[in-house]
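# I'll drop the sequence and a predicted model, then ask my questions.
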Amino acid sequence: MSEDAVDLNAKFDLFSEHWSPKLVARLNDYEVKLVKVKGDFVWHSHEETDELFLVLDGRLTIQLRDRDVTLGPGQLFVVPRGVEHCPRSDTEAKVLLLEPAGVVNTGDTGGALTAEVEQI
């Protein structure tokens, strides 16, 4: 990774696909990823780790089995390990994810939306 400042807006300009996280930085054993989201994702959980969602632009709803958590720009939510969740957004949202290296975006569910993480 570069030792220069990371311009998040410039990084978002490098891709257009939804639900495909891009690696932009590493922090110890953690990865900082950017993702554009639109529509519904899949219900899944991560048994071994929490997952942080920070909305940079747009609105994101984290559906949980007992409630929905809706986030706007500058708001974050941590999904605790093992909690089933399903992110969704009616319009495109830009989100920063912070999670341990190697975490699969679809968690224990897998399927067509499972993405290989590309570094940009």
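That came through, no problem.
# and for the most centrally placed residue in the chain, nearest residue in space, chain neighbours not counted?
Residue closest to the average C-alpha location in the chain (Cα atoms, centre = their mean): L97, at 4.2 Å. Leaving aside its sequence neighbours, L97 sits nearest to K33 (Cβ to Cβ, 6 or more residues apart in numbering; 4.3 Å). Glycine gets a C-beta too; all of them are placed from N, C-alpha and C.
# against A10, how distant is that neighbour?
15 Å (Cβ to Cβ, to the nearest Å).
# over to T91?
22 Å.
# give me the residues contacting whatever helix or strand V37 lives in.
Element membership for V37 (DSSP states H and E) is strand 30-40. Contact partners of strand 30-40, identified using Cβ atoms under 8 Å, 6 or more residues apart in numbering, comprise 8, 11-12, 15-26, 58, 60, 86-101, 103, 105, 117, 120.
# sort out for me which of these are in strands.
Using DSSP state E, the subset of those located in strands is 22-26, 60, 86-100.
# pull out the buried residues from these.
22-25, 60, 86-89, 93-99 (16 or more other Cβ atoms under 10 Å).
# dig out what the residue nearest to L97 forms beta bridges with.
L23, L97 (DSSP bridges).
# so how far is D7 from it?
15 Å.
# check A101 too.
Distance, A101 to D7, by Cβ to Cβ: 22 Å.
# surely A93 is in contact with T61?
No - look at A93 against T61 with Cβ atoms under 8 Å: they stay out of range, at 9.3 Å.
# perfect, that will be all.
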